[in-house]
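**Student:** Sequence and predicted model, in that order:
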Amino acid sequence: MTRSLYAALGVLALMGSPPGRAQTNASITIDPMPEPQAKSAAHPALVRAVRTWNEARQREAQACAKGVAGPGNMQMMAGELPLYNSHITLHWDTPSVFALEWRQTSNCPVHGTGAGRAPNGVVFDATSDVHVEGIAFDATTGERYDVRRLYPGPLQKHYFDQLLDDPEASGLDADCVTRLRAYRRRAPQFEFRYVVLGVHGLMIDPETPDPQDPVVDCLQVATLPYPSIRDVLDPKEAARLRWNP
């Protein structure tokens, strides 16, 4: 689907319903994943994968918009309108790596029971859900790719070094610096909500095993410059993908 058609979907979703019919106002914006321009042996497969991904986002948006169009739905909770915004940022388009960042904001009605339930069982989330995801494809095969295969080593030290070597540039106050230093001394192991192959470095968002840990409020997205994380790079995988940022 072309960008103009995606834009049209957003415009149509913003249009109101005829008098006497259920309200169908919704805010829908879809920024489609661009098709790869770099040529590779798997280029046709990669193009198909991108188109399939875009079609899935279109279906999600349509389902979100239709959530308030069902029969009998005469009200929406606290003036809520369905919201579905999908934005893609392309970072790498090479014969071996196709990498992007996806940001989705949604507040879609779901059918169910419980508090905040509209007459037809439509329930709205109290707040919009924001989803960020690093998406990468192996352009030599056309298949989705796990970035941690490229950087399998531990990233925790690099993460803390990046934040604490220059706290002011990281936007950290004195309290967060103290918390992060104490947390680093405990040699924590944590997962990442997402890892993105950024233009200038690996973008990571950490997540602690304990959501009640006082350090949670100080954790933030950090970009680890590629030259600083060469020690956690898999040289064989880098050579296979001709990865040398």
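**Tutor:** It's in.
**Student:** that's a strand at P34, yeah?
**Tutor:** No. Going by DSSP: H, G, I helix; E, B strand; the rest coil, the assignment for P34 is coil, not a strand.
**Student:** Show me what the residue lying closest to it once chain neighbours are set aside is bridged to.
**Tutor:** Counting by CB to CB, 6 or more residues apart in numbering, the nearest residue to P34 once its immediate chain neighbours are dropped is L90, at 5.8 Å. Using the backbone N, CA and C atoms, a C-beta is placed for each residue, glycine as well. Note on L90: beta-bridge partners by DSSP bridges are L100.
**Student:** if I look at L90, how far off is L180?
**Tutor:** Separation of L90 from L180 (CB to CB, to the nearest Å): 32 Å.
**Student:** same deal with W92?
**Tutor:** For W92, the distance to L180 - CB to CB - is 30 Å.
**Student:** Buried residues, the longest helix along the chain. List them.
**Tutor:** Using DSSP state H, we find that the single longest helix of the chain is helix 43-66. For helix 43-66, the neighbour count (16 or more other CB atoms under 10 Å) marks 43, 46, 49-50, 53-54, 57-58, 60-61, 64-65 as buried.
**Student:** quick check: domain ranges of the protein?
**Tutor:** 3-144, 147-240 (automatic domain parsing).
**Student:** now for the helix or strand hosting D205, which elements pack on it?
**Tutor:** If you go by DSSP states H and E, D205 is part of strand 201-207. Strand 201-207 sits against strand 191-197, strand 222-225, with contacts defined as 3 or more CB pairs under 8 Å, 6 or more residues apart in numbering; DSSP states H and E.
**Student:** Redo these as TSV? Include mean pLDDT, distance to D165 and mean neighbour count.
**Tutor:** As requested, the helices and strands packed on strand 201-207 are arranged in TSV below (pLDDT from 0 to 100; distance: least, CB to CB, whole Å; neighbours: other CB atoms under 10 Å):
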stretch	mean pLDDT	distance to D165	mean neighbour count
strand 191-197	87	20	18
strand 222-225	94	11	17
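**Student:** What segments of this protein are strands?
**Tutor:** Remark: strands assigned in the chain by DSSP state E are 27-30, 83-93, 97-107, 110-111, 122-123, 129-138, 143-144, 191-197, 201-207, 222-225.
**Student:** The first one pairs with which strands, parallel or anti?
**Tutor:** Read it as strand 27-30. Strand 27-30 has its sheet partners listed here by DSSP bridges as strand 83-93 (parallel).
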